[in-house]
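**Q** what shape does this take:
(2 chains)
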Amino acid sequence: MNSGGPATAKGGAPAIAGDLHWRRYKFPESLYEYGAWILVLSFLAWSVSYLEVPLGRIPAMFERMVVVLSSRYYPPDMEYVMDRDYLGSVLETIQMAYLGALFGLLLSIPLGWFGAFNMTPSRRFVYPVARLFTMGFRAVHEMIWAILFVSILGFGMLAGVLALTFFCAGFAGKLFSEEIEAIDMGPVEAMRATGANQFQVMVFGVFPQVRVAFTGIGIYTWDVAFRAATVVGFVGAGGMGWYLKRNVLQIETERVAAILISIVVLVLVSEAVSAFARDRVMRMK
Amino acid sequence: MSNSAPSSEMGKTSVVDALLAERRRQRGIHLVIVIVLTLLVAWSVDVTVIQDTDWERMGSLAEVLRSAGRFVSVDWALFPKLVEPALETFMIACLGTLLGVIICVPAVWFGALNITPFKPVTYPLARLMMTLSRSIHEIVWALFFVAVVGLGAMAGIFALAVRSVGFIAKMSAEAIEDIDPGPVEAIRAVGGNGFQVLLYAILPQVLPQVLGVIIFEWEINIRRSAVLGLVGAGGLGLVFFRQMNTFNFPGVTTVILAILAIILVGEVVSYFLRKEVI
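**A** Here you go, the predicted model:
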């Protein structure tokens, strides 16, 4: 926040009583500051009216939430998620996330390298292209990737793996390039001074500096990929999302509740594993 | 090792030997890990790609390329019709983030170890809230809220709000845990109550960080709100699925371009805002 200095009387003129009040923003800044806030607030108010959000329904919503939860989603049908087929789909989801994250990470290493401003081979051509690809991969939601690949390759986990690959490439590519941009340039200059080429600089000058961070990001990417993998099946890309979709359509809400509980438990476990692994990696530093 | 070698030399060699042995052991462990991971990859490829794919439907590579090629054109006629859904998507993202920030306030208060009111109960409660919010995908949240409040933008707003609570609250609580306790003590010493401590000692210290996190989440929410149409929450997602279901593939590309456009706007705005804030 741009905080103006304390308001002082101008030009050494005798200060009048009104000027002695301390104001955080003097005239032009105050106009911009409060004007911006008013603009944002009026935009939000306008969007509430434009989207026709039924604000009157909010008080009744909590009651309805309790009713819906207790009458439809309770008790969860836990036998359904203990079923062999369902557990098989959980295993498939894990494998899908593993492969998607792995391929995505492989793809994101060149993306991160070319998209890091300090290490990119060509700032004028390669850098913008790599940045554009990273942004595009990241910007398109994993569900949209999944739909596109299902329509091209047909139902099945291949579409899911590819969707996760693209999603993870964008996700990790951005983090990788930020990590490379933050390195110490000393070793890089030393490598260059001894006549190393781009690739050698990357392998011996940059990589040792970012190795630990990359491993951490890689583990985190797997975690994120697993979270996404639980729902890409929703559009037919394999894994447990398909069970979710089927039961939602058949209004088997008690089974839906059980599936949701299983997703939460699995995500908690994967988060714990990833936190443990990242902790171990960081300690190796 | 000869007899003439001084004892210190001997000690050094054994240290070097120990280091080499340690390195060999490490290398062995790494080798085992790499082999296990490779086998896992092979197994996963076999299960997910080779067995589960309908190779006959896919046909040859040329056919795959042809079906991918259907998307390589843009239906410009659709463009004027996308302005309104794009605006809707953008608004859902803004309102969702705002509501998320409001829901965040108690979660942050309970979830920061140094200000949580009653540690054994409120702290785990807030942590549970954060994890639950983050671990359920926005599509699933949207399904739930569609069941509760009905179809429309409101379900999307609530889904985004609940989904963003986890990240914002976690980062903010961590920021609050890292503050300098000096100002807090100073305000307490002059007789400030809990609310005044929060307002004058804690908030000024974490505000830039928290605003940065909120802007970051807002940017992600734009991208999320673009798919909420899948479950009936309006916006660009709805148009996307309509185009997909009517097999208007150039239209699908157009919608994706529109999504990219609003995300680009969000990214540029967020870049400048974050620079302003920090």
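**Q** okay, the helix or strand where residue B:206 lies in CSV with CA atoms only?
**A** Here residue B:206 sits within helix B:203-225, counting by DSSP states H and E. As requested, the backbone C-alpha atoms of helix B:203-225 are provided in CSV (Å, rounded to 0.1, in the frame of the first residue of the first chain):
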residue,chain,number,x,y,z
LEU,B,203,-3.0,-6.7,10.6
PRO,B,204,-0.4,-4.1,9.4
GLN,B,205,2.3,-6.7,9.6
VAL,B,206,0.6,-9.3,7.5
LEU,B,207,-1.5,-7.2,5.1
PRO,B,208,0.9,-7.1,2.1
GLN,B,209,1.4,-10.9,2.3
VAL,B,210,-2.3,-11.6,2.7
LEU,B,211,-3.3,-9.3,-0.1
GLY,B,212,-0.7,-11.0,-2.4
VAL,B,213,-2.2,-14.4,-1.5
ILE,B,214,-5.8,-13.2,-2.2
ILE,B,215,-4.8,-11.7,-5.6
PHE,B,216,-3.1,-15.0,-6.5
GLU,B,217,-6.2,-17.0,-5.5
TRP,B,218,-8.4,-14.6,-7.4
GLU,B,219,-6.3,-15.3,-10.5
ILE,B,220,-6.8,-19.1,-10.0
ASN,B,221,-10.5,-18.6,-9.4
ILE,B,222,-10.9,-17.1,-12.8
ARG,B,223,-9.6,-20.3,-14.3
ARG,B,224,-11.7,-22.4,-12.0
SER,B,225,-14.9,-20.5,-12.6
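**Q** packing partners for it?
**A** Contact analysis of helix B:203-225 by 3 or more CB pairs under 8 Å, 6 or more residues apart in numbering or on different chains; DSSP states H and E lists helix B:79-111, helix B:153-177, helix B:249-277 as its packing neighbours. Just so you know, the C-beta spots here come from the backbone N, C-alpha and C atoms, and that holds for glycine as well.
**Q** which parts of it are buried?
**A** Residues of helix B:203-225 classed as buried by neighbour count (16 or more other CB atoms under 10 Å in any protein chain shown): B:205-206, B:209-225.
**Q** again with stretch A:188-199
**A** Buried positions in stretch A:188-199, judged by neighbour count with 16+ other CB under 10 Å: A:188, A:191, A:196.
**Q** of the helices and strands packed on helix B:203-225, flag the one that's most buried.
**A** Stretch with highest mean neighbour count among the helices and strands packed on helix B:203-225: helix B:153-177 (a mean of 24; mean count of other CB atoms under 10 Å in any protein chain shown).
**Q** I'd like the next helix or strand past that one.
**A** According to DSSP H and E, the helix or strand after helix B:153-177 is helix B:181-189.
**Q** next, the angle helix B:203-225 makes with that next one.
**A** Put simply, helix B:181-189 runs at 120 degrees to helix B:203-225, going by axes from the mean of the first three to the mean of the last three CA atoms, to 10 degrees.
**Q** list the contacts of helix B:181-189.
**A** B:114, B:196-197, B:200-202, B:204-205 (CB atoms under 8 Å, 6 or more residues apart in numbering or on different chains).
**Q** min pLDDT across those, which one?
**A** Lowest pLDDT within the contacts of helix B:181-189 is found at residue B:114 (80).
**Q** quick one, what contacts that one?
**A** B:176-177, B:179, B:181 are the contacts of residue B:114 under CB under 8 Å, 6+ apart.
**Q** ok, so of the contacts of helix B:181-189, who is nearest residue B:20?
**A** residue B:114 (47.5 Å; CB to CB).
**Q** tell me the SS of the closest one?
**A** Here residue B:114 is coil, with the state taken from DSSP: H, G, I helix; E, B strand; the rest coil.
**Q** ok, the residue nearest to residue B:206 when sequence neighbours are not counted to chain A distance?
**A** Excluding its sequence neighbours, the residue lying closest to residue B:206 (CB to CB, 6 or more residues apart in numbering or on different chains) is residue B:175, at 4.4 Å. Residue B:175 is 16 Å from chain A, where distance means CB to the nearest CB, to the nearest Å.
**Q** returning to that earlier point: helices - which of the buried residues of stretch A:188-199 land there?
**A** Of those, the ones assigned to helices by DSSP state H are A:188, A:191.
**Q** just the CA trace of the lowest-mean-pLDDT helix or strand in chain B, in PDB.
**A** Scoring the helices and strands of chain B by mean pLDDT, DSSP states H and E places helix B:55-58 at the bottom, with a mean of 72. Presented in PDB, the C-alpha positions along helix B:55-58 are these (Å, rounded to 0.1, in the frame of the first residue of the first chain):
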ATOM      1  CA  TRP B  55      -7.000 -48.800 -29.600                       C
ATOM      2  CA  GLU B  56      -9.500 -49.800 -32.300                       C
ATOM      3  CA  ARG B  57     -11.600 -46.700 -31.800                       C
ATOM      4  CA  MET B  58      -8.500 -44.600 -31.900                       C
END
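**Q** how far does that helix sit from its chain's centre?
**A** 35 Å (CA atoms, centre = their mean, to the nearest Å).
**Q** after that helix, which helix or strand is next?
**A** Assignment by DSSP H and E places the next element after helix B:55-58 at helix B:61-69.
**Q** now do the helix or strand harbouring residue A:103, average pLDDT.
**A** Residue A:103 is part of helix A:84-114, with elements assigned from DSSP H and E. Helix A:84-114 shows an average pLDDT of 90 in the prediction.
**Q** next, see if that helix gets close to chain B.
**A** Yes. Shown here: helix A:84-114 in contact with chain B (CB under 8 Å from any CB of the partner chain) through A:92, A:95-96, A:98-99, A:102.
**Q** are any of those residues buried, and which?
**A** A:92, A:95-96, A:98-99, A:102.
**Q** for the residue nearest to residue B:160 when sequence neighbours are not counted, give its distance to chain A.
**A** Spatial nearest neighbour of residue B:160, excluding adjacent residues (CB to CB, 6+ apart): residue B:96 at 2.8 Å. Relative to chain A, residue B:96 is positioned 11 Å away (criterion: CB to the nearest CB).
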